[in-house]
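[1] sequence plus the predicted model coming up.
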Amino acid sequence: MRFPAEPFRIKVVEPLRRVSREERERRIAKAGLKIFAVPADSIYVDLLTDSGTSAMSDHQWAGLMVGDESYAGNRNYFQFESTVRDLFGYRHVIPTHQGRMAENLLFSTVLKKGDVVPNNIHFDTTRANVEHQGAEARDLVIDEGLDPQALHPFKGNLDPAKLDRALAELGRERVPLVMITVTNNSGGGQPVSIANVRAVREVCHRHRVPLFFDACRFAENCWFIQQREPGFAGKSVAEIAREMFSYGDGCTMSAKKDGLVNIGGFLALNDAEWAERITNLLILVEGFPTYGGLAGRDLEAMSRGLREVLDEDYLAFRIGQVAHLGELLLHAGLPIVTPVGGHAVYIDALRMLPHIPQSQFPGQALVVALYREYGIRAVEVGSLMFGHRDAVTGEIVCPKLELVRLAIPRRVYTTEHIRYVAESVIQLYREADRLRGLRITYEAPVLRHFTARLEELNDVEAASATSR
Ligand code: P71
């Protein structure tokens with residue numbers, strides 16, 4: 001079956017409020033057309049992120065009741081430590097409240113100014129944490145990984161030749177570690193193959209540089225390996241994960257994705273000296289090493305989630321649900337990133353709205369229309385998020401891609417919700433010429449996409465801006 005039905009039934013429901021179009025119009029205007037500023041209870045289907053938005057199982061909820069809230073040495077920590085050792089294989093297990101804290105602890109311990117961290121593509125928070133140490137975050141994904149239409153089964157692969165050149169040029173003194181993000185979120189949730197991990201491992205070995213994984217969506221990545229990579233069809237996803245992590249020296253993890261929890265993360269690694277320094281810092285900024293910024297009950301939910309996520313009926317449904325949305329949109333002719341990734345469908349806004357120049361934020365215009373017309377929240381990953389003014393000319397410099405991400409929370413929405421989303425996007429596509437460009441009315445000097453305010457251009461302004 002290509003799109004298997006939900007392998008769970010519903011025991012608790014959370015009502016969704018549907019507010020009127022007029023009310024949505026008022027709310028988005030009040031928010032300065034910034035979707036992050038719209039209150040979540042006025043949203044019908046919220047596809048802003050798949051992070052921390054999962055539905056926990058009855059087994060996880062039951063785990064909360066056996067939380068041991070002792071300050072030191074709570075039993076849930078030991079359970080959690082043995083789960084992580086079993087699935088990931090790394091000796092030292094350091095819990096954190098979410099992924100970026102694991103990144104921060106690792107990078108502030110091992111990086112110095114002028115260092116370089118290669119990765120397939122750094123996720124925003126990873127890049128920011130590398131740069132915060134005065135180091136450079138260098139993206140070395142294969143060329144196909146930057147082409148929205150390239151049909152490669154493992155578009156998340158890190159290019160071993162590019163890595164070899166970088167390491168030969170920089171030397172191990174300036175590269176304390178190499179990272180691989182599975183799946184590659186910033187490249188469209190695309191997987192990395194085992195063959196690629198082995199090749200990257202060989203290059204790292206030769207240059208004597210450790211390899212770490214950003215493991216957020218490791219189960220989804222290993223599911224793609226089982227489905228697509230020759231030689232892996234007969235292996236379980238858990239076995240594939242163990243093999244993948246065996247080629248590395250450690251990982252950072254935001255359990256808000258494939259840990260199936262609403263909060264939680266960890267850092268796991270083999271090097272005792274790094275682990276000791278990181279643990280000392282953990283005590284300073286997060287908490288005692290057996291809870292690391294979480295309650296005992298959160299650790300229990302995380303251990304249980306890490307095992308549940310490897311259930312192959314769940315993964316077939318999960319990846320199938322995302323693929324189903326992609327297929328409905330492709331069938332209607334919508335331009336999306338293909339192959340569809342593991343956790344989200346990305347719409348190519350430049351091709352969907354060719355009448356809106358990139359300087360008028362077509363991606364954000366689509367995000368605003370999806371909320372206003374249909375109560376759906378998506379997120380722009382394009383000129384608003386990454387565009388910036390050139391320091392010399394003052395001109396806006398736009399990124400290569402202008403995408404709108406529809407990220408699917410795990411086990412939260414039914415196939416009927418997915419159909420509703422597809423029909424809404426298709427309807428907007430049919431009326432695309434009614435959408436107008438936007439302009440910024442306020443922007444902060446840094447990270448403007450979190451606080452900028454915008455307004456819609458009128459027809460005359462849009463036409464004159466286009467003809468310029
Ligand atoms: C996503 C997120 C969550 C997010 C982050 C920032 C703004 C909006 C939404 C988080 C990731 C990630 C990867 C590959 C590390 C983190 C940080 N992704 N690596 O995609 O995708 O984890 O949020 O637990 O700190 O919406 P954290």
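    Thanks, I have the structure now.

[2] CA only for contacts and neighbour counts going forward, please
    Fine.

[3] now the phi/psi pair for the residue in the stretch 251-400 of the chain positioned nearest to the ligand, please.
    Nearest residue of the stretch 251-400 of the chain to the ligand (Cα to the nearest ligand atom) works out as residue 254 at 4.2 Å. Here is the backbone geometry of residue 254 (degrees, to the nearest 10): phi -100, psi 100.

[4] name the SS class of the residue nearest to residue 207 when sequence neighbours are not counted, please.
    What sits nearest to residue 207 in space, not counting adjacent residues and going by Cα to Cα, 6 or more residues apart in numbering, is residue 172, at 6.5 Å. Counting by DSSP: H, G, I helix; E, B strand; the rest coil, the backbone at residue 172 sits in coil.

[5] quick one: neighbours of residue 172, just the number.
    Look at residue 172: counted by other Cα atoms under 10 Å, it has 17 neighbours.

[6] and if you look at residue 368?
    There are 27 residues near residue 368, going by other Cα under 10 Å.

[7] surely it and residue 35 touch.
    Yes. Using Cα atoms under 8 Å, residue 368 is in contact with residue 35, at 7.1 Å.

[8] find residues that contact each of the two.
    Residues touching both residue 368 and residue 35 by Cα atoms under 8 Å, 6 or more residues apart in numbering: residue 28.

[9] ok, the nearest residue to residue 160 once chain neighbours are set aside - contacts?
    Sequence neighbours aside, residue 200 is the residue nearest to residue 160 in space, at 5.5 Å (criterion: Cα to Cα, 6+ apart). Shown in contact with residue 200 (Cα under 8 Å, 6+ apart): 158, 159, 160, 163.

[10] against the ligand, how distant is residue 200?
    18 Å (Cα to the nearest ligand atom, to the nearest Å).

[11] how much space separates that residue from residue 112?
    According to Cα to Cα, to the nearest Å, residue 200 and residue 112 sit 23 Å apart.

[12] next one: residue 151
    38 Å.

[13] quickly check: the host helix or strand of residue 226 near the ligand or not.
    Element membership of residue 226, judged by DSSP states H and E, is helix 218-228. No. Shown here: helix 218-228 not in contact with the ligand (Cα under 6 Å from any ligand atom), separated by at least 10.0 Å.

[14] what do you get for stretch 109-123?
    Yes. Interface with the ligand: stretch 109-123 contributes residue 123 (Cα under 6 Å from any ligand atom).

[15] ditto for stretch 127-144
    No. Using Cα under 6 Å from any ligand atom, stretch 127-144 never reaches the ligand; the gap is at least 9.4 Å.

[16] start and end of that stretch, how far apart?
    End to end - Cα to Cα - stretch 127-144 spans 21 Å.

[17] one more: stretch 151-170?
    32 Å.

[18] for the stretch 101-250 of the chain, which spans come out with low pLDDT?
    Within the stretch 101-250 of the chain, no stretch has pLDDT under 70.

[19] strands of that one, start to end?
    Along the stretch 101-250 of the chain, counting by DSSP state E, counting those that start in this stretch, strands occupy 116-119, 136-139, 178-181, 211-214, 250-254.

[20] please apply the same query to the stretch 251-400 of the chain.
    So, for the stretch 251-400 of the chain - with DSSP E, counting those that start in this stretch - the strands run 265-269, 344-348, 376-377, 379-381, 388-389, 396-397.

[21] so which bits of the stretch 51-200 of the chain are right by the ligand?
    Counting by Cα under 6 Å from any ligand atom, the residues of the stretch 51-200 of the chain near the ligand are 51, 98, 99, 100, 123, 125, 181, 185.

[22] and the last one, how many residues sit next to it?
    Just to be clear, that refers to residue 185. Residues near residue 185, counting by other Cα under 10 Å, number 22.

[23] ok, now which ones touch it?
    Per Cα under 8 Å, 6+ apart, neighbours of residue 185: 121, 123.

[24] how close does it sit to residue 307?
    22 Å.

[25] number of nearby residues for residue 298?
    25.

[26] doesn't residue 209 make contact with the residue nearest to residue 207?
    Yes. Residue 172 lies in contact with residue 209 (Cα under 8 Å); the separation is 6.1 Å.

[27] residues near residue 394, how many?
    9.

[28] now swap in residue 452 and tell me
    Neighbours around residue 452, by other Cα under 10 Å: 18.

[29] pLDDT score assigned to the nearest residue to it once chain neighbours are set aside?
    Using Cα to Cα, 6+ apart and skipping residues adjacent in sequence, the residue nearest residue 452 is residue 443, 4.5 Å away. On the pLDDT scale, residue 443 is placed at 81.

[30] from the ligand, how far off is residue 443?
    Distance from residue 443 to the ligand, by Cα to the nearest ligand atom: 18 Å.

[31] which residues does the closest residue to the ligand within the stretch 351-468 of the chain form beta bridges with?
    Nearest to the ligand, among the residues of the stretch 351-468 of the chain, is residue 407, at 7.6 Å (Cα to the nearest ligand atom). Note on residue 407: beta-bridge partners by DSSP bridges are residue 344.

[32] next, the contact list for it, please.
    Here residue 407 is in contact with 47, 48, 49, 50, 343, 344, 345, 378 (Cα under 8 Å, 6+ apart).
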